[in-house]
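A.B. asks: sequence and predicted structure, then a few things I'm wondering about:
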Amino acid sequence: MYLFMDPQQLTPEQQKEMEEKLKNMSPEELMEFQKQQCIFCQIISGKIPAKKIYEDDKVLAILDINPAAKGHILLLPKEHYAIMPQIPEKEVGEMFIVAKKMSKLLLKAIKVSGTNIFIANGLVAGQKAQHFMIHIIPRKEDDGILEVEEKLTDQEMRTKVKSLIENKFNELMGVKKEVLQVESSDEEVKEVEELEEPEEIKETKKPAKKVEEEKPEKESDDKDDDDDDDGGNASLDDIANLFK
Amino acid sequence: MKCEHCDIVERKSKADILYEDDEVVVAIKDLAMTPGQITVFPKEHFTILEVVPEEILEKCSLIANKIGIAVFESLGSQGTNIIIQNGLGAGQKVPHFAIEVVPRVENDGLGLQWDAKQLAEDEMATVFMTLEQGMKELDSSAEAEKTKGKDETGKDKKNSKEDDKNNYLLKSLKKIP
């Protein structure tokens, strides 16, 4: 991982000054400022050297200087985006195709028994840089990379997740899937009728998640999102802007 | 061979299907890293990333991105991980390629990290040389493939790739119970 100037290391005065400066910027200026601060943008423009594995007009793949394992590749869009939802669809698809190529390269050139394609969107997901990237990590059994435990979830929980996500997802899939959408929205209506009570959601979510303190805040977010899509969009921007 | 993801397509599984078209399936499986994890996979049985045709991969990635947005906006998560476990050594448990979308909240204790290594400069240089060389070989074999048959259909591509040497991976995947 490349490390960045940590905003918390600034003195309070510097921080205030910075905040003031950021507040007065237009969105374009802010974008430009972020780019100037971004090490990966400087790698892309050639100001900072890096070991380049692959390059085309949209993306750049480099070796991570502090890798999880030897051969850890970072695939970067040349344009500065913070998180995946900001990237135009076409570019997302193109990046995954290049990621496939990089994975194939690792499997062939290095003796590994697999690869992880890994994306972190947001600080809580482990994102460390303000520039979106896809990690392609060579893996061996028991190397301790990306360890995670899987647990059984109950049917009630899965039904709830489904009913919460379905509307937004179908909306995002748009008119193209008209026929399917009609079918699924019929089911949806039935489910939503049964499950719409936020109280009920609260109760079943609690035992399944570990973090009790986070709960009240998070649940109220849920309710906002259900009522008002704009609220949801705002939170997406918040996540993207965490790095400002 | 029994495949958990094919079972989902054939409705032989407990998993809930969130979306389905001719090529891609989106499901909520009972075994998950965290509640709210969504699995996106091609309907056809492809074992690993390397054998998934480009247009299918592209479609899966676009749908995974949309699932990510829907998760952000409707589950109130503060972040997402998008993960492909490609091969046994990478934690792949079902021998059927999938993209996992994992909603994250602060202190969810999920792990999903790694210790960053400090490589010596010569070690970095060696890896870089190996990959540079490997890249050249990949490009030249891709060139050769192109000149061999220009009117390759998706299926031809798949077959030629399955003949490929990296089938050590495919073989090891078949050992998954």
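C.D. replies: Yes, it's here.

A.B. asks: longest single strand anywhere in chain A?
C.D. replies: Taking DSSP state E as the criterion, chain A has its longest strand at strand A:114-121.

A.B. asks: what residues does the following helix or strand past that one touch?
C.D. replies: As assigned by DSSP states H and E, the chain's next helix or strand after strand A:114-121 is strand A:134-139. Contact partners of strand A:134-139, identified using Cβ atoms under 8 Å, 6 or more residues apart in numbering or on different chains, comprise A:61, A:64, A:67-75, A:95-96, A:99, A:102-103, A:106, A:110, A:112-119, A:145-146, B:87, B:89-91, B:114. In this view, the C-beta of every residue, glycine as well, is placed from N, C-alpha and C.

A.B. asks: and stretch A:103-116, by the same measure?
C.D. replies: If you take Cβ under 8 Å, 6+ apart as the criterion, stretch A:103-116 is touched by A:53, A:69-71, A:73, A:117, A:135-141, A:145-146, B:49-50, B:83-92, B:127, B:130-131, B:133-135, B:137-138, B:165-166, B:169, B:172.

A.B. asks: now do the buried residues in that stretch.
C.D. replies: For stretch A:103-116, a neighbour-count test (16 or more other Cβ atoms under 10 Å in any protein chain shown) marks A:103-110, A:112-116 as buried.

A.B. asks: kindly report the same for stretch B:20-28.
C.D. replies: For stretch B:20-28, the neighbour count (16+ other Cβ under 10 Å) marks B:20, B:24-28 as buried.

A.B. asks: again with stretch A:14-29
C.D. replies: Buried, per 16+ other Cβ under 10 Å, within stretch A:14-29: nothing.

A.B. asks: also stretch A:70-82?
C.D. replies: For stretch A:70-82, the neighbour count (16+ other Cβ under 10 Å) marks A:70-77, A:79-82 as buried.

A.B. asks: got the confidence number for B:Ser172?
C.D. replies: Predicted confidence (pLDDT) for B:Ser172: 66.

A.B. asks: now do the helix ranked longest in chain B against strand A:134-139, angle only.
C.D. replies: Across chain B, the longest stretch assigned as helix under DSSP state H is helix B:121-148. Interaxial angle, helix B:121-148 versus strand A:134-139 (axes from the mean of the first three to the mean of the last three Cα atoms, to 10 degrees): 100 degrees.

A.B. asks: ok, and what's touching stretch A:37-55?
C.D. replies: Residues outside stretch A:37-55 that contact it (Cβ under 8 Å, 6+ apart): A:2, A:4-5, A:35, A:60-63, A:65, A:73, A:75-76, A:78, A:80, A:98, A:101-102, A:105, A:129-131, A:133, B:124, B:128, B:131-132, B:135.

A.B. asks: if you average pLDDT over the longest strand of chain A, what comes out?
C.D. replies: In this model, strand A:114-121 carries a mean pLDDT of 97.

A.B. asks: fine, thanks again, bye for now.
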